[in-house]
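**Q** curious how this folds, go ahead:
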Amino acid sequence: MANIRVLDKRRKSIRNIRKITRTMELIATARFKKAMDRAAAANDYTQRITQIVRDLAAAGLETSHPLLADRPTVRSAAILMLTSNRGLCGGYNGAVIRAALQRRQDLIEMAEALDFEISGKRGISAMKFRNIPIDHTYTQFEDEPAF
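**A** Numbers count the residues shown, from 1 in each chain. As a prediction, the model looks like this:
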């Protein structure tokens with residue numbers, strides 16, 4: 001008789017854990033959608049800045065700014081990989097990690113020095129698992145920044 005009670009109690013606890021997990025997934029999805037909406041709102045601004053720079057470059061003005069100069073070789077490069085501290089965001093972390101690894105491989109071939117910085121516990125643990133050296137890590141960022 002005790003086995004039936006134990007099994008019933010375990011089944012109920014699993015059901016409760018499933019409810020909590022679903023709720024956490026819904027919250028994470030809502031936060032991700034909110035972040036995507038903010039990124040989409042900045043897209044118009046980015047496109048306009050790109051158009052202005054393109055128009056200035058097409059105007060044929062003489063510029064001598066060091067950031068606009070062509071460089072035959074890339075001496076140093078940096079990658080900032082932004083992942084989450086927790087999971088529950090679908091395939092976001094995996095996609096970011098794959099893209100960062102591919103970009104890292106491309107930059108290793110091109111650049112003399114590469115600085116690899118990671119924000120988020122998921123990205124840090126993925127790079128440590130792969131024994132990839134990390135120059136800087138950031139985990140103190142909150143879900144809702146103060147700015």
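**Q** ranges for the helices of this structure?
**A** 2-58, 92-110, 121-129 (DSSP state H).
**Q** show me the contact partners of the shortest one.
**A** Contact partners of helix 121-129, identified using Cβ atoms under 8 Å, 6 or more residues apart in numbering, comprise 81-87, 93, 96-97, 100, 116, 118, 134, 137, 139. All C-beta spots, glycine's among them, are computed from the backbone N, C-alpha and C.
**Q** buried set for it?
**A** For helix 121-129, the neighbour count (16 or more other Cβ atoms under 10 Å) marks 121, 122, 123, 124, 126, 127 as buried.
**Q** could you turn the buried ones of the contacts of helix 121-129 into a PyMOL selection?
**A** Remark: buried members of the contacts of helix 121-129, expressed as a PyMOL selection using 16+ other Cβ under 10 Å:
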select buried, resi 81+83+84+93+96+97+100+116+118+137
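**Q** where is pLDDT lowest across the contacts of helix 121-129?
**A** Among the contacts of helix 121-129, residue 87 carries the weakest pLDDT, at 73.
**Q** one step back: redo the buried residues of helix 121-129 as TSV? Include distance to residue 106 and pLDDT.
**A** Shown next, in TSV, are those (distance: Cβ to Cβ, whole Å; pLDDT from 0 to 100):
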residue	distance to residue 106	pLDDT
121	25	90
122	22	91
123	18	92
124	22	93
126	18	93
127	17	93
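**Q** now, which of those sits nearest residue 51?
**A** residue 123 (32.8 Å; Cβ to Cβ).
**Q** residue ranges with poor pLDDT in the chain?
**A** 1, 63, 88, 142-147 (pLDDT under 70).
**Q** which parts of it belong to which domain?
**A** Domain ranges of the chain: 1-65, 71-138, per automatic domain parsing.
**Q** which of those is buried the deepest?
**A** Most buried of the domains of the chain, by mean neighbour count (mean count of other Cβ atoms under 10 Å): domain 71-138, with a mean of 14.
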